[in-house]
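Student: mind looking at a prediction? Sequence and model below.
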Amino acid sequence: MRWCFVSPGCTSTQVLAGDTRSSGGAEAQIAHLAAALVGMGHEVGLIYGDGQTQSVSQISGVMCIAAAPAWRFPASLPAFWRAMDTLRPEVLYARLPTDFLWLMGLFARSRRDTRFIYALASDLHCTPWTAYDHKKWFHAPLFSLGMRSTDVIAVQHHQQSATLNPHLRERSAHVPNLVRSVCEHPRAYDTTTIDAIWIGKIRSIKQLHLFLDLAEAMPSLRFAVVGGFDPTESSMLQEALVQRIRKLKNLTFYGPKPDDEVISLLSKAKALVNTSRAEGFPNTMLEAWSVGVPVVSLSVDPGEVIEQQGIGFVSRTVTQLVQDVDRIVRTKSLNQRCGELALSYVRRQHSLEAVCQALERALPGVQLGRAPDQERRDPIYGSQLNRIRRQE
């Protein structure tokens, strides 16, 4: 089959090329799924960029065309249409809010053999007025028009479907996020050197300061932060966080790291802590569970899987967060049990096979074929997981 992914900016192409240090979850998921489909024998294209330049290259088997549209460059709109026409996709796939979803929908409706699927990347994207935090009067109506032009809206969990407008809910379908590889056994509790780890792009909505509060309140535990600052955050906020980090002797700041090093650090941790106000289905949670690390989340529980599956805790208050982290870190039997359940969960629900089956249900008539062995097809995780297994 022919697939066309649309991802504004350059981050998805960087992930395809192996540089995962600055990627957000949505851009990474696009790249991972695109590469996986190539591995299954499909023809895959990716339209990216900022509307300024046009070029064509091939990265990891994906035909990458710099032709994403931008209002500042009117010529980029017909160039975007030509790029889609060149790729002749049977499935057109977008994942991030953009003013040009309606143009993708128009293209799909003008082609009898093209279907347009838009995948939600955050709970905030379920409604147009929460998808943007600037110039809502302009962006929200365009986003709403784009959502209505889709054939399928892919949701990450059932709560997103329930939040959608009833007219959009009728075309929603559950398509889980992809975890590319799962370790055979949970990482060994007794070999861990980090008690609690925080991973993510540092921006206000992620509330890193609450994790720093946690480290300050629990001086006997070892904490770690992995991630870089979002360039849109104010320099004042960045400097305030940096100063706090430097004062915490029980916390190590690693900065942005590629996926293989993130997995290595996770395999040394007893728990992943999430302090975000809002998410979709965090990749960091999937990565933690893929090596058997439980998650303690302040408020985010995508589809209520953490509590229903018994793979961590949802604290809901900062006071309870301290208690839950202390319990999951210090209680070996509880930690190991949650880790085993986590591995079982991601293997069942977030493997490439599970994602392909969900896409086939969402797009009747689409046949994706059999997913190849995960370790063999994944150059980033495969060797790392083998190394972790040898240590157990």
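Tutor: Now that the structure is in, tell me what you want to look at. Every value quoted in this text rests on a predicted model; they were computed, and no experiment measured them.

Student: following the longest helix seen in the chain, which helix or strand comes up?
Tutor: Taking residue count as the measure and DSSP state H as the definition, the longest helix of the chain comes out as helix 332-349. In the C-terminal direction, the helix or strand that comes right after helix 332-349 (DSSP states H and E) is helix 352-362.

Student: buried stuff in that following helix?
Tutor: Neighbour-count burial for helix 352-362, with 16 or more other CB atoms under 10 Å as criterion, is recorded at Leu352, Ala354, Val355, Cys356, Ala358, Leu359, Ala362. Heads up, the C-betas are built off the backbone N, CA and C, glycines and all.

Student: could you find the closest non-adjacent residue to the fifth one?
Tutor: On the basis of CB to CB, 6 or more residues apart in numbering, the spatially nearest residue to Ala358 that is not a chain neighbour turns out to be Val175, at 4.4 Å.

Student: now the last one
Tutor: On the basis of CB to CB, 6+ apart, the spatially nearest residue to Ala362 that is not a chain neighbour turns out to be Ala173, at 3.6 Å.

Student: which ones are touching the one you found?
Tutor: Ala173 sits next to Val152, Ile153, Ala154, Val155, Ala358, Arg361, Ala362 when contact means CB atoms under 8 Å, 6 or more residues apart in numbering.

Student: make a markdown table out of those and add distance to Arg222 and pLDDT.
Tutor: Listed next are those as a markdown table, based on distance: CB to CB, whole Å; pLDDT from 0 to 100:
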| residue | distance to Arg222 | pLDDT |
| --- | --- | --- |
| Val152 | 45 | 97 |
| Ile153 | 42 | 98 |
| Ala154 | 38 | 98 |
| Val155 | 37 | 97 |
| Ala358 | 38 | 97 |
| Arg361 | 44 | 96 |
| Ala362 | 43 | 96 |
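
Student: quick check, nearest of the residues you listed to Gly280?
Tutor: When those are compared for distance to Gly280 (CB to CB), Val155 wins out at 9.1 Å.

Student: what residues are up against that closest one?
Tutor: With CB under 8 Å, 6+ apart, Val155 has these contacts: Leu120, Ser161, Leu164, Ser172, Ala173, His174, Val175.

Student: quick one, phi/psi of it?
Tutor: Backbone dihedrals for Val155, given as degrees, to the nearest 10, come out at phi -110, psi 150.

Student: for it, give its distance to Asp190.
Tutor: Between Val155 and Asp190 the computed distance is 39 Å (CB to CB, to the nearest Å).

Student: swap in Tyr48?
Tutor: When CB to CB is applied, the distance between Tyr48 and Asp190 equals 44 Å.

Student: please say which of the two ends up with more neighbours.
Tutor: For Tyr48 versus Asp190, the count of surrounding residues by other CB atoms under 10 Å is larger for Tyr48: 23 against 7.

Student: and the gap between Lys270 and Val329?
Tutor: When distances are taken as CB to CB, Lys270 and Val329 turn out to be 5 Å apart.

Student: got any residues that touch both of these two?
Tutor: Common contacts of Lys270 and Val329, defined by CB under 8 Å, 6+ apart, comprise Asp195, Ala196, Asn335.

Student: quick one, what contacts the closest residue to Pro97 other than its chain neighbours?
Tutor: Computed as CB to CB, 6+ apart, the closest residue to Pro97 that is not its neighbour in sequence is Ala131, at 4.6 Å. If a contact means CB under 8 Å, 6+ apart, then Ala131 has Pro97, Ser122, Leu124, His125, His139, Ala140, Phe143 as its contacts.
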